[in-house]
Each structure stands twice: as C-alpha cells, then as structure tokens.
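*Asks:* structure for the following, please:
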Amino acid sequence: MSHPVPIQFQAVDAEVLAKAPGRIAVLVAEGGSLGLAARKLDKLMRGALVRYLGSEAFAKLKPGEAQDLAWPAGLAAEAVQVVRLDKRADAATARKAGGVIGKALSKAGTLVLAEAHPRAAELSFGIAMRAYDFTPHKTGEKTSPGPVTLMVNAPEAVAAAAGPMAALVEGVFFTRDLVNEPANVLTTFDFAARLAAMHELGLEVEILEEDQLLHLGMGALLGVGMGSETPSKVVVMQWHGGKKGEAPLALVGKGVVFDTGGISIKPAAGMEEMTMDMGGAAVVAGVMRTLAMRKAKANVVGLVGLVENMPDGRAQRPGDVVKSMKGDTIEVINTDAEGRLVLADVLWYAQDRFKPKGVIDLATLTGAIIVALGHENTGVFSNDDALCDAFLKAAAAEGEGAWRMPMGQAYDDKLKSRIADMMNVGGRDGGAITAAQFLKRFIQPDMPWVHLDIAGTALVKADTTLAPKGATGWGVLALNRLIADRFEA
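*Replies:* Below is the predicted model:
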C-alpha cells in the first residue's frame, strides 16, 4: 500500500538553511512578521524574502496560500516557498497550508520552517495527506519526494501532537489505494485478502464465502454477483477496544469491485470509473485500520459486501424477484441499482448478529446525489437526529462536506411492487432519497441509522485541498472523529 512521506521534527537550526537542498517552506504570519530563523533565512537571501513580503503579490495571498521564490540567491535550495499562515489560524487553514506544501515537495527533500507556530502538527498532517500519489502501475523512474523536516521550537511536543494523526493518514491512504486500484487487480479475492491482512493490527477478521451467504439467506446480495466469475463475499472486521460486552457501532460498506450495470448495462463512456463503486467498503476498511493503529477505546464492527456486477448468461435480469436475508422479496427493476441489494443483506446481518448501538452505512449509491449536491458534499440520510447531528458535527470539524437530505412516506411509496414486497428503484425523481428509503426498510425498529451516499465525494476529477485528483478517502476523518467524540470509553 501507499505510505505517507516520512516527516521528522527537528529543533530549529539556522545554520543548515544555506546548505539545505530541495525546497524550503517558510511560514509567514499576518503583517509579514518573521521568526528568528526566518530572519536568518532572509539575511542569507540578501533581503529577498522581506522585499517580497512588502510586495503587492504577498498582500494578495490568502491564509493557507503560498508563493514560490525560485532559485534564491545565497541558498542551495531550488526554491523558497512563502506560506501565509497566521498564528491564530484554525486547524482547517493549517491543513490547507500543509496541503500547499505537500503538493510541491522536492525529491531532494523539503525543509519547513515552522518555528513556534501553534498549528505545526496540523500543518504536518496536511503535508502528509496531500503528498499521496498512486503509482504501483506506472513504469519507469519513480519521483517520490524526499524526506520532510519540520523545524520547530519544541520538536518533541509537536511530534507527540502529530502522532495520532499518523494513524488517520494511514487509514485514508489505505482507502485511497483501494478506490484507485483497477478491477482486474482488486477482485473480491484480493480485496478480502487485504482486509484479512489487517489481523496483524489486532483486528478480528472473518470472511464469509458464498456457501455461508446462501445458508444465511442473502439472496439479494448473491443475486448481484451471479454474472461474475469471482465469488461474492462478506468480510467482517471487529475492533474490541471498548468495554467488554458493550454493543459495538456497526459500519457497513458497499463493495462492488466493478459495476457494469449488469443486464441494465451502463453507457461505455465513463464506465472505467466504476472501479470506484466499492468506495463505501474502502472507507469502512480505512476507518477500521485507523482505529486499530491508534488503539481506539471503542467497540466497532465493520462489515463489507464484496461483489462484482457483470452481465453473462447467469446474471440476474430485470424483472427477477430475489429474497433478502430479512425475508422480504424484491422485484429487480434495474440491475444497475445493485448496491442497495448488497447493503440490504449486510445491514440486516450486522443488526441480527451484533445488536449494535447504531449503524452507519456508506455507498457510492446513486448518480442522483451528484445531481443534487455535486462533488462537494456527501448526502446524509437518517432516522435518528442525535446520531445524524453528531456525524454532521464531526464531518464539519474535519472539513468533510456533508448535507442532510429529507426522507418521508411519499418517497417510500414509490417502491411499491405489483408482484413482490418492493421494487429496487422508485423512478428518476428523488432517486437518492428513494434509495435511502429502500435501505431504511432493512433497519430494525428503534435502531439509530445513518446512510451516507458518497457517489460524488469518493472520487473526484480535480485536485482538492488534501488530495490529488482521484480517490479522496472521504469519510475516514469524519467517522474517526465521530467515534472518538461519541463512542470511545
């Protein structure tokens, strides 16, 4: 898997500035004030730094933004990156500044002059998050960045503050790798094997094979994968960090490793992006990895349904009727509305087996949520105001966009079937909502539940503050924060 760029924390040593290779990033507060080491840097640059700080170009920089001064005289470095970050900056702005630095790291190494900035730990988190690059399938010379050194006045204290964030970065990178992998690599076999390997971190991992799923009555999930050469699986990951015997929080993820749409086949244009249709399962896996790495004091179970939706002579057809583990029958109107069939059975299994204190599911479920919210926000649906509000608060604290969507009986009525208990689609209008209403039918009475439709946020076509274009890892930060704030002992 991809690993974060190594970041070391070192006491400020002005003597190394002249000989430092690669890049030097220097934090500048409001008004252009400089610390002692930064003033030394300016002296080595023959006043070029202070002259820039007095320019109109610096005045236009917003907090968290940066400007390069290329090949500065008096230094061995290829560039000095001037980063605007006020002393009173919030965590989000510090991460943004780190992202700017992380996007432009040098293979010769990068020295970040943070001195006594109170947000140095958050800055390092932003650097690590943005320095991600997915390269396992590229040939030729790798251009990995060199080590990053944060020069700070109190390196041990900053390193201690940054330590827990390292587990978050690992979880996000694991999620991004899974979402970015092509489907000929990330089969259901490979996906399950990667999750099984996390037992080394202390997770209890169990893989349920097709014969077991058939015995459990998971007809909805198994119907989706009938046209694929690779078998469907359910992987259960348990983290026992809380009080013994206390009910866990259940996280459930859709893991369609490739979605052709089945017999209701998708258009060819853009189908290559359907390698990301396992994004919900990837987020669940990334959260479980983070919890294990930081030894979270909570009981959490992560369950993912792994299938491939392919069209062949055995594939389910529009008009077929399948029976869910719950016992309800479903008329399959559109085989491209397959994710909700997978989730229906895994949601029921999670509640039936673990009796959790709450359930949160994640899925790249509908194109309709992209129409509604674009790529800025995940759609949030819930039957429980307290759990939903806690999640929205956690997402806001971590800078992960989320917006609560409505639900109601009128939407649920659109799922009525002439020949079965329900249809798997309810028409084009309100498509993300009717999908959520479908899932709600598989949530037991009085069970707090949140559904996250991440179709627009799991993979994006342009760089974001903390990620290059491609997989974002959206949701790992928010769910980790929710667990820390609400469920840890």
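*Asks:* count the residues that sit near the nearest residue to P4 once chain neighbours are set aside.
*Replies:* If the residues on either side of it in the chain are set aside, P4 comes closest to A128, at 4.4 Å by CB to CB, 6 or more residues apart in numbering. (Glycine included, C-beta is placed from N, CA and C.) A count of neighbours around A128, defined by other CB atoms under 10 Å, yields 27.
*Asks:* mind checking pLDDT for A128?
*Replies:* Per-residue pLDDT puts A128 at 98.
*Asks:* next SSE downstream of the host helix or strand of it?
*Replies:* Mapping A128 onto the secondary structure by DSSP states H and E places it in helix 120-130. Next along the chain after helix 120-130, taking DSSP H and E as the criterion, comes strand 148-152.
*Asks:* return the distance of the closest residue in space to K142 that isn't next to it in sequence relative to K103.
*Replies:* Here the nearest residue to K142 in space, its sequence neighbours aside, is T135; by CB to CB, 6+ apart that works out to 6.2 Å. T135 is 16 Å from K103, where distance means CB to CB, to the nearest Å.
*Asks:* tell me which of these two has more neighbours.
*Replies:* The residue with the greater number of neighbours, taking T135 and K103 and applying other CB under 10 Å, is K103; the counts read 17 against 12.
*Asks:* wait, isn't the more buried one in contact with R130?
*Replies:* Yes - contact status for K103 versus R130: in contact at 5.2 Å, counting by CB atoms under 8 Å.
*Asks:* which neighbours do these two share?
*Replies:* A shared contact of K103 and R130, defined by CB atoms under 8 Å, 6 or more residues apart in numbering, is any residue touching both; here these are P468.
*Asks:* could you give the angle of the helix holding A128 to strand 148-152?
*Replies:* When axes from the mean of the first three to the mean of the last three CA atoms, to 10 degrees is applied, the directions of helix 120-130 and strand 148-152 differ by 170 degrees.
*Asks:* show me what helix 120-130 is packed up against.
*Replies:* With contacts taken as 3 or more CB pairs under 8 Å, 6 or more residues apart in numbering; DSSP states H and E, helix 120-130 sits against strand 7-11, helix 91-103, strand 110-115, strand 148-152, helix 155-180.
*Asks:* who are the packing partners of the helix or strand following the first one?
*Replies:* From strand 7-11 onward toward the C-terminus, using DSSP H and E, the following helix or strand is strand 23-28. With contacts defined as 3+ CB pairs under 8 Å, 6+ apart, strand 23-28 has these neighbours: helix 36-44, strand 79-84, strand 110-115.
*Asks:* where does strand 23-28 sit relative to the chain's centre, distance-wise?
*Replies:* Distance, stretch centre to chain centre, for strand 23-28: 29 Å (CA atoms, centre = their mean, to the nearest Å).
*Asks:* what's the answer for stretch 349-359, then?
*Replies:* Relative to its chain's centre, stretch 349-359 lies at 23 Å (CA atoms, centre = their mean).
*Asks:* then stretch 388-397?
*Replies:* Here the centre of mass of C-alpha atoms in stretch 388-397, compared against the chain's by CA atoms, centre = their mean, lies 15 Å away.
*Asks:* list the contacts of that stretch.
*Replies:* Outside stretch 388-397, the residues touching it (CB under 8 Å, 6+ apart) are 360, 378, 380, 382, 401-402, 404, 450, 478-479, 481-482, 485-486.
*Asks:* ok, now stretch 406-414?
*Replies:* By CB under 8 Å, 6+ apart, the residues outside stretch 406-414 that reach it are F381, S382, N383, G426, G427, G430, I433, T434, A436, Q437, K440, R441.
*Asks:* against V425, how distant is the third one?
*Replies:* Yep, that's N383 we're talking about. According to CB to CB, N383 and V425 sit 21 Å apart.
*Asks:* tell me which of those two has more neighbours.
*Replies:* Just comparing N383 and V425: by other CB under 10 Å the higher neighbour count belongs to V425, 22 against 18.
*Asks:* and that one, that one's in a strand?
*Replies:* No - counting by DSSP: H, G, I helix; E, B strand; the rest coil, V425 is located in no strand; its state is coil.
*Asks:* got a list of what it touches?
*Replies:* V425 makes contacts with I333, N334, A337, L415, G431, T434, A435, as judged by CB under 8 Å, 6+ apart.
*Asks:* quick one: contacts for the second one?
*Replies:* With contact taken as CB under 8 Å, 6+ apart, N334 is in contact with S264, P318, N424, V425.
*Asks:* that older thread, which one of the contacts of stretch 406-414 is nearest to D328?
*Replies:* R441 (6.9 Å; CB to CB).
*Asks:* correct me, but that closest one touches N424?
*Replies:* No - contact between R441 and N424 fails when scored by CB under 8 Å: they sit 10.9 Å apart.
*Asks:* got any residues that touch both of the two?
*Replies:* Taking CB under 8 Å, 6+ apart as the contact criterion, the residues that touch both R441 and N424 are L415.
*Asks:* neighbour-wise, which of those two wins?
*Replies:* The residue with the greater number of neighbours, taking R441 and N424 and applying other CB under 10 Å, is N424; the counts read 27 against 18.
*Asks:* got a pLDDT number for the more buried one?
*Replies:* pLDDT, N424: 98.
*Asks:* this protein - how does it break down into domains?
*Replies:* The record's domain parsing of the chain by automatic domain parsing lists 7-153, 169-487.
*Asks:* among these, show the one with the smallest mean pLDDT.
*Replies:* Among these, domain 7-153 carries the lowest mean pLDDT, at a mean of 94.
*Asks:* off-centre distance for that one?
*Replies:* Computed by CA atoms, centre = their mean, the separation of domain 7-153 from the middle of its chain amounts to 26 Å.
*Asks:* the residue nearest to K142 and D177 touch, don't they?
*Replies:* No - assessed by CB under 8 Å, T135 is found out of contact with D177, at 10.6 Å.
*Asks:* list residues touching both of these two?
*Replies:* A shared contact of T135 and D177, defined by CB under 8 Å, 6+ apart, is any residue touching both; here these are S2.
*Asks:* give the contact list for the spatially most central residue of the chain.
*Replies:* Most central residue of the chain, judged by C-alpha distance to the mean C-alpha position with CA atoms, centre = their mean, is G473 at 1.9 Å. By CB under 8 Å, 6+ apart, the contact set of G473 is G171, V172, F173, T175, R176, V179, V283, G286, A467.
*Asks:* please tell me how far the nearest residue to S232 once chain neighbours are set aside sits from W348.
*Replies:* Setting aside the residues directly before and after it, S232 is nearest to G225 in space (CB to CB, 6+ apart), at 3.7 Å. If you measure G225 against W348 using CB to CB, the figure is 17 Å.
*Asks:* settle it for me: which of the two has more neighbours?
*Replies:* Each of G225 and W348 has its neighbours counted (other CB under 10 Å); G225 has more, 30 against 24.
*Asks:* ok, now how distant is that one from P155?
*Replies:* Using CB to CB, one gets 51 Å for the distance from G225 to P155.
*Asks:* try P231
*Replies:* For P231, the distance to P155 under the criterion CB to CB works out to 51 Å.
*Asks:* which of the contacts of V425 has the largest number of neighbours?
*Replies:* The contacts of V425, ranked by neighbours (other CB under 10 Å): first place A435, 29 neighbours.
*Asks:* my guess is that one contacts L452. True?
*Replies:* No - A435 sits out of contact with L452 when judged by CB under 8 Å, with a separation of 11.8 Å.
*Asks:* returning to what we had before: and among the helices and strands packed on strand 23-28, the most buried is which?
*Replies:* Comparing the helices and strands packed on strand 23-28 by mean neighbour count (mean count of other CB atoms under 10 Å), strand 110-115 comes out on top with a mean of 26.
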